[in-house]
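Peer 1: following is a predicted model, sequence given first.
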Amino acid sequence: MKKLALVLAASAVLFTTVACSKKEGTASSNSNADNRPTVRLVTDATGIDDKSFNAAAWRGILEFYGDTWENQSLRGKKYDVVTCQTQDQYVPTLKQVSDEEYDLIVTTGFTFADALAEVAAQYPNQKYMIVDVDYVNVPNVMNFVFTEEQGSFLVGAAAALQSQAEGVSNPKFGFIGGIPGATITKFEMGYIQGVKSILPDAEILDYYANDWGKPELAKTQAKNWYDSGVYAIFSAAGGTGNGTIAQAKEYRMQGKNVWAIGVDSDQYADGIYEGEKSSVLTSMVKRVESSTKYALNSVVNNSFKGEVVTLSMQDEGVDFAASNKELKASVVSQLNSVKQDIISGKTKVVGTYKAALDAGLAPTGLGAKDN
């Protein structure tokens, strides 16, 4: 079997999918003295350099092996990544890495759901995990979901509280989404509820780019909104959202009081424009890295199974970032109190557009979709 695995791994090196780019090196599953499991991360076109969702999944893999972003010593030996440029490459790419017999294959985002369900059924002995999906009901797929609405509530409240602390009159707030769907709706609904918990009459606008990797779309929309009086914009759009940060940086350099809000990872550093000044007021931290480490540990412990794992605020799955020193200390203090209220159940946050509409918590006419 060992010889067969080596032959398969060697064959896989020679095979490349048309629109998917293999990163440096190829890890073979059984050829290392290190007995820790091998893993392959499969991402969409934005790759691990999106500074957001995929980057967080990759960070979890690095942390599991004791590596860092700067020192990826076991890349190509125990772990690696393949980036698909188009969705029609998801199925052939997943088949390719499945043939390479990694101990775990990681996919990120609901756009992989259909492809993963198809491939996982064909490879019943291969272990897979997917983030942001709870409906791939295959025995060899571990599904991970987060309570994004809870973390998004905090950053919405943060933006509203900061506007009060800065004495901004009638601030407006924006939300930029990537591809509409149930997961991104949780971000938007939580954000809106957070803003309105402080400023019940605040105007909130939304825009969906229908793409995860076009920052120019978010940048153009952000410019239009900032010019029209929008104070803060929260983007849950993968690499597309980097355009919001770029526009906020430009305007803050010009002395305009506007803010971007990061997502998934703490994006404070991405917004730096002068010294320690950043255009990213705070970020909704979604610890995707916790899911990859959880799955890898379950492989080690022989406890891996097809199930849905929910990582909530209580599980430290979601939070807000306080890296920016311009986020008022009084705001941080209030947010920590709100956080405890959410954990205790005193503050309830709904995650669907229908529920938000029924409760009068969100305006009509938004681009959000519950499925």
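Peer 2: Structure received.

Peer 1: find the nearest non-adjacent residue to residue 175, please.
Peer 2: residue 206 (4.5 Å; C-beta to C-beta, 6 or more residues apart in numbering). C-beta here means a position set from N, CA and C on the backbone, and glycine is covered the same way.

Peer 1: and the one you found, its phi and psi?
Peer 2: Backbone geometry at residue 206, expressed as degrees, to the nearest 10, gives phi -140, psi 160.

Peer 1: ditto for residue 117
Peer 2: phi -60, psi -40.

Peer 1: number of nearby residues for it?
Peer 2: By other C-beta atoms under 10 Å, the residues close to residue 117 number 17.

Peer 1: circling back: the residue nearest to residue 175: neighbouring residues, count only.
Peer 2: Neighbour tally, residue 206, other C-beta under 10 Å: 22.

Peer 1: by contact count, what packs against the helix or strand hosting residue 63?
Peer 2: Using DSSP states H and E, residue 63 sits in helix 53-64. Here helix 53-64 touches strand 39-43, strand 79-84, strand 104-108, strand 259-264, helix 288-300, going by 3 or more C-beta pairs under 8 Å, 6 or more residues apart in numbering; DSSP states H and E.

Peer 1: deepest of the ones you listed, which one?
Peer 2: Counting by mean count of other C-beta atoms under 10 Å, strand 259-264 has the highest mean neighbour count of the helices and strands packed on helix 53-64, with a mean of 32.

Peer 1: so for it, mean pLDDT?
Peer 2: Here strand 259-264 scores 95 as its mean pLDDT.

Peer 1: picking that back up, closest one to residue 174 among the helices and strands packed on helix 53-64?
Peer 2: strand 259-264 (9.6 Å; C-beta to C-beta).

Peer 1: what is the orientation angle of that closest one with helix 288-300?
Peer 2: Angle, strand 259-264 to helix 288-300, by axes from the mean of the first three to the mean of the last three C-alpha atoms, to 10 degrees: 0 degrees.

Peer 1: quick revisit: doesn't residue 369 make contact with the residue nearest to residue 175?
Peer 2: No: in this structure, residue 206 is not within contact of residue 369 by C-beta atoms under 8 Å, at 11.4 Å.
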